[in-house]
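Trainee: this one's structure only:
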């Protein structure tokens, strides 16, 4: 939530959350947070901050401010999680979650490449093995609890509803400017935001291998089946095209009443 309480945003990992956080910060302060917005301790209210919690709780329960969130195609989201969280070296110079990558190499035979060799490895084979791991964490919570970056968007989004919140807008990452503009049109900001001038804050870029193939090449029939098993609700409620991994764009409009009924 912005400090001015102009707007409330339910963060969904891997769905433009860095950019949205920076836009909210900018709308209050007229400048961007210097660094990764996820590290900001001041200038913006977060659920993780003890002093922010009661303020957010009160605001959401009374629906005092415009509330929104943002979603992304499940195929590109899980692919992005793989390249960022599994193959990429994180901001602290280490692999994500310490021993996670060695565990995956050992138990699932995943390769992640090496910066020394220019990240040469069979991306498609490794990704499909990662998909099995993601499915195991979500279905059986083994060998670990599911991670926020690959657990279903509907799960993230439902907690807000179950705890008494109501969304005014849910838009697609794939139509970011259009959706974010609707949000900005619906609120009053201390500083005007020109979306055409806003940089994209992709905090995960540049520290891992580049995706070497088109999205659809990573998903054979079995992978699509696994993706559907994990993200069935995400495809249905947020209107993404399960049949065609090459189509990033939604195939219908999001019905907010349906979202609240099914996720609440």
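Mentor: Yep, that arrived. This one's a predicted model, so the numbers in the text were calculated from it and none came from an experiment.

Trainee: which residues sit in contact with the residue nearest to residue 154 when sequence neighbours are not counted?
Mentor: Sequence neighbours aside, residue 233 is the residue nearest to residue 154 in space, at 4.3 Å (criterion: Cβ to Cβ, 6 or more residues apart in numbering). Any C-beta I mention is one placed from the backbone N, CA and C, and that applies to glycine too. Neighbour list for residue 233: 152, 154, 262 [criterion: Cβ atoms under 8 Å, 6 or more residues apart in numbering].

Trainee: for residue 233, phi and psi?
Mentor: Dihedral angles of residue 233 (phi, psi; degrees, to the nearest 10) stand at phi -60, psi -40.

Trainee: where does this structure dip in pLDDT?
Mentor: 115, 117-118, 203-207 (pLDDT under 70).

Trainee: please, where are all the strands along it?
Mentor: 7-9, 66-71, 169-172 (DSSP state E).

Trainee: mean neighbour count and distance to residue 130 for those strands - can I get that in a markdown table?
Mentor: Shown next, in a markdown table, are the strands of the chain (neighbours: other Cβ atoms under 10 Å; distance: least, Cβ to Cβ, whole Å):
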| stretch | mean neighbour count | distance to residue 130 |
| --- | --- | --- |
| strand 7-9 | 23 | 28 |
| strand 66-71 | 23 | 21 |
| strand 169-172 | 20 | 24 |
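
Trainee: residue 148 is nearest to which of those?
Mentor: Of all the strands of the chain, it is strand 66-71 that lies closest to residue 148, at 13.9 Å by Cβ to Cβ.

Trainee: strand partners (parallel or antiparallel) of the closest one?
Mentor: strand 7-9 (parallel), strand 169-172 (parallel) (DSSP bridges).

Trainee: distance between the last one and the chain's centre?
Mentor: Shown here is strand 169-172, whose average C-alpha point lies 13 Å from the average C-alpha point of the whole chain (Cα atoms, centre = their mean, to the nearest Å).

Trainee: what do you get for the shortest one?
Mentor: Taking Cα atoms, centre = their mean, one finds the center of strand 7-9 at 16 Å from the center of the full chain.

Trainee: from here on, count from 775
Mentor: Sure thing, new numbering starts at 775, so read that last one as strand 781-783.

Trainee: for it, which outside residues touch it?
Mentor: Counting by Cβ under 8 Å, 6+ apart, 775, 794-795, 798, 801, 830, 833-834, 839-843, 939, 957, 961 sit against strand 781-783.
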